[in-house]
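Participant: here is my input, please return the structure:
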Amino acid sequence: MNQLVRCTACNEVFMKTPFDQWPAYESALDRSPNHFRTVEKDDFQEFTRSHRGHRLEDLQILEDSYVSEKPYAEPINVCYFKATNGRERFVIKKYRENIEEPLRYQVIPGDYSLKCSSIEIQSKAIRKQLEAEFRATPLIPAKIAAFLRLFRHIAQTADPTTLEAALEESPHPLQIYYKIDDVSLAFLLRNCRNIFRGKEYTMIEDFVLRHREEGVLLLKGTYKIQLIDSVKPQPTVGATPTALCNAEATATKK
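Facilitator: Next up, the predicted model:
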């Protein structure tokens, strides 16, 4: 139903939707406050009129290229996605500066990528879950704190490129939940023996194994959108081949 259209002369884009011809309603100053007048609109016709004589082309949005700075439901947000005309790829910025204005679409130069800025543990959720599961035989706060420090150390040394993403979805588009890997799991359990003893260790081991692939022991990776400028290669400044040949000839004569 939606179609992205690009003006090849101006490099401007427009998202054509079924709502382009929906009228706007404005209050009439000379009438009662409850009276509105209808203003007929055709946004796409306005776009084609402002680009009369220019060649327009349809762009196809590339699947799974959509990234967003805020949750998708946020009305004021900045998003990026990629589109193609079959020959070239374009990066499109989708945004608006206030809730009253329509969405804008802009072709931006370069490219973008997602860069992991941090891997964190769910400290509050872990503490709450431990307190709930160990209600019969509560853990002393110092042991919970020691467990959190140990697990936080594992998160800080984790490599996000080697972690397996969990099925659990994050409400934020720039956050991904990961499972702890087998090596980190073995390290965690081995060092838990220095914190917990006897039945406590058995219960902690069971806690870790039950929650390692879902829930509170998932690692939370936070990413940021990194814009990449397209820089044309500059010619190398140096001696020309002719100058080098002349220098060699002079040296030979000497």
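
Participant: how about low-confidence regions in the chain?
Facilitator: 1, 19-42, 230-254 (pLDDT under 70).

Participant: ok, now with 90
Facilitator: 1-2, 16-47, 64, 72-73, 75, 97, 99-103, 167-171, 213-215, 229-254 (pLDDT under 90).

Participant: what's the domain layout of it?
Facilitator: As given by automatic domain parsing, the domain ranges for the chain are 3-108, 116-227.

Participant: need the winner for burial among the ones you listed.
Facilitator: Of all those, domain 116-227 carries the top mean neighbour count, a mean of 15, counting by mean count of other C-beta atoms under 10 Å. From N, CA and C alone the C-beta is placed, and that goes for glycine too.

Participant: and the contacts of the helix or strand containing residue 185?
Facilitator: Residue 185 belongs to helix 182-192 when assigned by DSSP states H and E. Outside helix 182-192, the residues within contact range by C-beta atoms under 8 Å, 6 or more residues apart in numbering are 147, 150, 151, 154, 158, 180, 201, 204, 205, 208, 212.

Participant: just flag the most distant two among the residues you listed.
Facilitator: The span of the contacts of helix 182-192, defined through C-beta to C-beta, is set by 158 and 201 at 23.5 Å.

Participant: would you map the helices across the protein?
Facilitator: In the chain, the helices defined using DSSP state H lie at 43-50, 123-133, 141-156, 182-192, 198-211, 241-253.

Participant: now distance to residue 227 too, for these, in CSV please.
Facilitator: Listed next are the helices of the chain as CSV, based on distance: least, C-beta to C-beta, whole Å:
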stretch, distance to residue 227
helix 43-50, 26
helix 123-133, 32
helix 141-156, 27
helix 182-192, 32
helix 198-211, 37
helix 241-253, 38
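
Participant: for residue 93, which of these is the nearest?
Facilitator: helix 43-50 (17.1 Å).

Participant: and that closest one, what other elements does it pack with?
Facilitator: Contacts defined by 3 or more C-beta pairs under 8 Å, 6 or more residues apart in numbering; DSSP states H and E place helix 43-50 against strand 12-16.

Participant: so which elements touch the strand it packs on?
Facilitator: Contacts defined by 3+ C-beta pairs under 8 Å, 6+ apart place strand 12-16 against strand 3-7, helix 43-50, strand 104-108.

Participant: now do the longest one: distance to the chain's middle.
Facilitator: Average the C-alpha atoms of helix 43-50, do the same for its chain, and the two points are 32 Å apart (C-alpha atoms, centre = their mean, to the nearest Å).
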